[in-house]
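A.B. asks: My questions are about this predicted structure, shown below with the sequence.
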Protein chains: 2
Amino acid sequence: MAYRNIVCAAFRDPTGPVFYAINPANGEALAGEFHRASLQDADDALKGAEHAFQEYKNINKDTKAAFLRAIADEISWLGDTLICRAAEESGLPVGRLQGEMGRTIGQLRLFANLVEEGSWVNAIIDVALPDRKPLPRADIRRMMVPLGPVVVFGASNFPLAFSVAGGDTASALAAGCPVVVKAHPAHLGTSALVGGAILKAIEKTGLPPGLFSLLYDDGHTIGAHLVKHPKTKAVAFTGSFKGGNALIQLSQEREQPIPVFAEMGSINPIVLLPEAMNNRAQTLASQCAASIGLGAGQFCTNPGLMLAIKSPSLESFKAGLAEAIKEMPSATMLTPGICENYGSLSKAVLNANGVTLIAESPLVNTELQSQSVARVATVSATNFLNNKQLQEEIFGPYSLLVIAEDTDELTALVASLEGQLTATVMAEKSELHNYPELISTLTDKTGRIILNGVPTGVEVSAAMQHGGPFPATNDSRFTSVGSTAVYRFVRPIAWQDWDDDLLPDALKANNPLGIYRLVDLNWTKQ
Amino acid sequence: MAYRNIVCAAFRDPTGPVFYAINPANGEALAGEFHRASLQDADDALKGAEHAFQEYKNINKDTKAAFLRAIADEISWLGDTLICRAAEESGLPVGRLQGEMGRTIGQLRLFANLVEEGSWVNAIIDVALPDRKPLPRADIRRMMVPLGPVVVFGASNFPLAFSVAGGDTASALAAGCPVVVKAHPAHLGTSALVGGAILKAIEKTGLPPGLFSLLYDDGHTIGAHLVKHPKTKAVAFTGSFKGGNALIQLSQEREQPIPVFAEMGSINPIVLLPEAMNNRAQTLASQCAASIGLGAGQFCTNPGLMLAIKSPSLESFKAGLAEAIKEMPSATMLTPGICENYGSLSKAVLNANGVTLIAESPLVNTELQSQSVARVATVSATNFLNNKQLQEEIFGPYSLLVIAEDTDELTALVASLEGQLTATVMAEKSELHNYPELISTLTDKTGRIILNGVPTGVEVSAAMQHGGPFPATNDSRFTSVGSTAVYRFVRPIAWQDWDDDLLPDALKANNPLGIYRLVDLNWTKQ
């Protein structure tokens, strides 16, 4: 493994101060001296990215697909070396990381397929109408083109699927944009391994080296410099509300505005309707508990809030929940800092007016550090409605059950919610029709609405929406998961009366790519 | 004509100070006492808009289309009353305003057709795969839904097509968003007449009154309040760079970020290639002059810059241009202030290093005020490259011809340009292949690229892109003209395993709307 900063697909001689990745389970430094990148490294990375963009923006779609597949292959060949390093750095279980590695490879191949198929460019053609009165219509052809260099911030909670070659990088490369990654300091070795895989893929496909850079920093200097850099054309970030807000504010200091996509935090409410509660309180309790505890509660879609109406069956739901939580062994959190935050916030919330603990797990692994135990608490709707702070995300295996007196109060709870990535309704089909206002309001608050499932487990597909109203993200019009994530990094251009030979292939008269195009308002491959 | 502020489709009793529309051609106040809206008016407008949104967001698509058509009909019935008031207020010729009225009505009907056809919601369906290994896939269905109340600022230069019921309003209403319009103070009566037309359309279709408000202000208080208001979910603006930037900065003070679309200014370069210049210098001169002078040069796509290589035929182009400009009668500008600015800027530029006048029109109508005369100037590429200020828009019938020594210098000129709404190439087809770098760079700078046409005259169609890299707009990913303008005001939601009866019609299993949908990656009406 090479630990040096990668600038334009080449390792840099180290200059900056040294720092190390820490194993959260034992607090020890892992192998590898990482060097803080310099501002010059960042400038060179973006200069190379801008240069590479001139070639890459027009690259043959099959070459682009081959590149994405080559990255996927190189990552898969890293095998257990990658899995074990990621496990040591993140404290995540090997099984979870194997799944995440599969997802990362799958995402790259999904975007390879998207690019190869080609219709994603949304070609729209209005053919000339020379005889139209009073004025003829020109021939106008429009498609999506890439924006330019994209800065990606690795996310702490997905060391593979939302990091160096994760969804942001895959979708930016698919769009036709070079990528500069700021590695997350919590998984430096994982980042280095995946960075090496991308390097090999660039070599094998003969693409320009400026397509990819990977910079390390244990502080915020490099990240801030990248966000404010005039050559940066878009930024993708997944992390905390505080971190996302800081990036947004930095970006507002720019002379030229650029899109910044910050996926920041969500408490993913689950609304439990009475008939479902009455019919299957135990099943619901098991489902909710499993989703709360999954991956030590460190998913963006972790259900941190449950809303229900007071009833006898709610009592058995609470009992079932308590039982399941108490059987949940402690888990290593991503970093000692995240663990400390979780511990203090999930305890402090119990001091809030009316909040009482339902259960916490007693099963603490004392051999390991950075251990979180699952906690669930409850509060009345009245107290919840009077305390906005109870809507703040507590990152970890925590959830709050809010109990309403009746349907009206349940609807009021939903109306009080901030924007969310997901919202879930647990209901019998027969009762769904009784809650039109509640469901309509809940839909307004979220990017994805789920019936009788759990919010954790985000499908990577064409129809997925992972992004919701503020503060879940800063721009609910885009998604960071699924194939439409590519649209974060493109803009349309219209060619008017342009020479057919010089048009991009996607817009040529005879449709040489055989893609779907909207021609005079009809979708056709002709 | 009623001159009162319209809040939620009802006239308000006047409270604020009185102001008047001014006829720029004679400096006199026109009929009608307009009252500055109060902050309470603005609050009530947005409160009503939020309320109306709850009904309108789910409205039947045929009702929405009928509403848009009713607005178009009501405007058409205003006929010459509207044309004459607009002419008095804007100084624009009746012929131009008749065309603009046609465009305004056409836009509304275009969006009515879009909404009625229904496929614009971009339904994407990934059907469930219950047997998939290792995990089953849920049924996921995604479509675009409206954002909520949109604030529209009337543009000075399109009193009809980009004002009260212009492209921004039409696309927002088509998306499913209520609209609060801040009237442009230069055409108050025109705004009042069109506002009245929308009122009648709301009455006739029985839609909620909160769908539309129209507020007057001779200052910036109301506009600023609307942009910062928590209930506002998007802002659309067409105007100056200064005005757009002010709105963007105001929006950055918001707690909740929202999309702000500012179309701010562009000098729309025309690149004249040598063979074309050699073969048809006179024709090119006439085309350019006509586009420069059109509507007193007050179009967003006015060509304020021409780039060419030194040659003998360029001299005859210059002579032809001078001749055409000298035959151009003066024209009334939109407001006395705009006229004053144009006069001082188009004269001051002649003091810049190396800039010399090619021609200005001597034909000044001394009977009228606010008269602009066309001016064209020239400068060497070297001097242009050394003076960034020469790229600043001079709003009016002005253009600067920049003369390069050779192809390399012409390419350098293109590379130096800021972002543009449009870029035009005048060329023989045979020479186009000789300028790959120039054309590639020019394409990077613009939202629309035109061959052998003029940039003025923007088709309102599906493939149009009216929006380009900063500073032409603040967000090149969207358009303010054409049917895809609707996408400024929507976001996607994904429904997961949702009950078919409760899904929006666009997503139901049997496709009751018969729209195009991307089902398992195929566009189909099945």
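C.D. replies: Looks like it arrived, so ask away. Note that this is a predicted model, so its numbers are computed, not measured.

A.B. asks: ok, the residue nearest to residue A:417 when sequence neighbours are not counted - contacts?
C.D. replies: Closest residue in space to residue A:417, ignoring its immediate chain neighbours: residue A:445 at 5.1 Å, by Cβ to Cβ, 6 or more residues apart in numbering or on different chains. For the C-beta atoms, the positions are set from N, CA and C on the backbone; glycine is no exception. The contact partners of residue A:445, by Cβ atoms under 8 Å, 6 or more residues apart in numbering or on different chains, come to A:414, A:417-420, A:423, A:468-469.

A.B. asks: okay, those residues in TSV with pLDDT and neighbour count next?
C.D. replies: Listed next are the contacts of residue A:445 as TSV, based on pLDDT from 0 to 100; neighbours: other Cβ atoms under 10 Å in any protein chain shown:
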residue	pLDDT	neighbour count
A:414	98	24
A:417	98	20
A:418	97	19
A:419	98	20
A:420	98	28
A:423	98	29
A:468	97	26
A:469	97	24
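
A.B. asks: secondary structure class for the residue nearest to residue A:3 when sequence neighbours are not counted?
C.D. replies: Distances taken as Cβ to Cβ, 6+ apart place residue A:32 nearest to residue A:3, at 4.5 Å, with adjacent residues excluded. Recorded secondary structure, residue A:32: coil (DSSP: H, G, I helix; E, B strand; the rest coil).

A.B. asks: now swap in residue A:4 and tell me
C.D. replies: coil.

A.B. asks: Once you drop chain neighbours, what's closest to it?
C.D. replies: In space, residue A:4 is closest to residue A:11, 4.2 Å off (Cβ to Cβ, 6+ apart).

A.B. asks: Please apply the same query to residue A:273.
C.D. replies: residue A:427 is the one closest to residue A:273 (Cβ to Cβ, 6+ apart), at 4.0 Å.

A.B. asks: Could you measure from the one you found over to residue A:272?
C.D. replies: According to Cβ to Cβ, to the nearest Å, residue A:427 and residue A:272 sit 8 Å apart.

A.B. asks: Which one's more surrounded, the two?
C.D. replies: residue A:272 (25 against 22; other Cβ atoms under 10 Å in any protein chain shown).

A.B. asks: Do I have it right that the more buried one meets residue A:321?
C.D. replies: No: using Cβ atoms under 8 Å as the test, residue A:272 is too far from residue A:321 to be in contact (10.8 Å).

A.B. asks: Give me the contacts around the helix or strand containing residue A:46.
C.D. replies: For residue A:46, the element it lies in under DSSP states H and E is helix A:39-56. Helix A:39-56 is touched from outside by A:5, A:7-8, A:12, A:64, A:146, A:148-149, A:176-180, A:207-211, A:213, A:215, A:221-222, A:225-226, A:229, A:231-232, B:440, with contacts defined as Cβ under 8 Å, 6+ apart.

A.B. asks: just checking, what packs against the helix or strand just after it?
C.D. replies: Beyond helix A:39-56 on the C-terminal side, the first helix or strand identified by DSSP H and E is helix A:61-90. Judged by 3 or more Cβ pairs under 8 Å, 6 or more residues apart in numbering or on different chains; DSSP states H and E, helix A:61-90 is in contact with helix A:94-117, helix A:167-175, helix A:188-205.

A.B. asks: near chain B at all, the first one?
C.D. replies: What it means is helix A:94-117. Yes: with Cβ under 8 Å from any Cβ of the partner chain as the criterion, chain B is reached by helix A:94-117 at residue A:117.

A.B. asks: How about the second one?
C.D. replies: No: Helix A:167-175 is not in contact with chain B by Cβ under 8 Å from any Cβ; minimum separation 11.4 Å.

A.B. asks: Give me the packing partners of that helix, helices and strands only.
C.D. replies: Identification of packing neighbours for helix A:167-175 by 3+ Cβ pairs under 8 Å, 6+ apart yields helix A:61-90, helix A:94-117, strand A:150-153, strand A:179-182, strand A:234-238.

A.B. asks: Let me have those in CSV, extended by mean neighbour count.
C.D. replies: Putting these into CSV (neighbours: other Cβ atoms under 10 Å in any protein chain shown) gives the following:
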stretch, mean neighbour count
helix A:61-90, 20
helix A:94-117, 20
strand A:150-153, 29
strand A:179-182, 29
strand A:234-238, 27
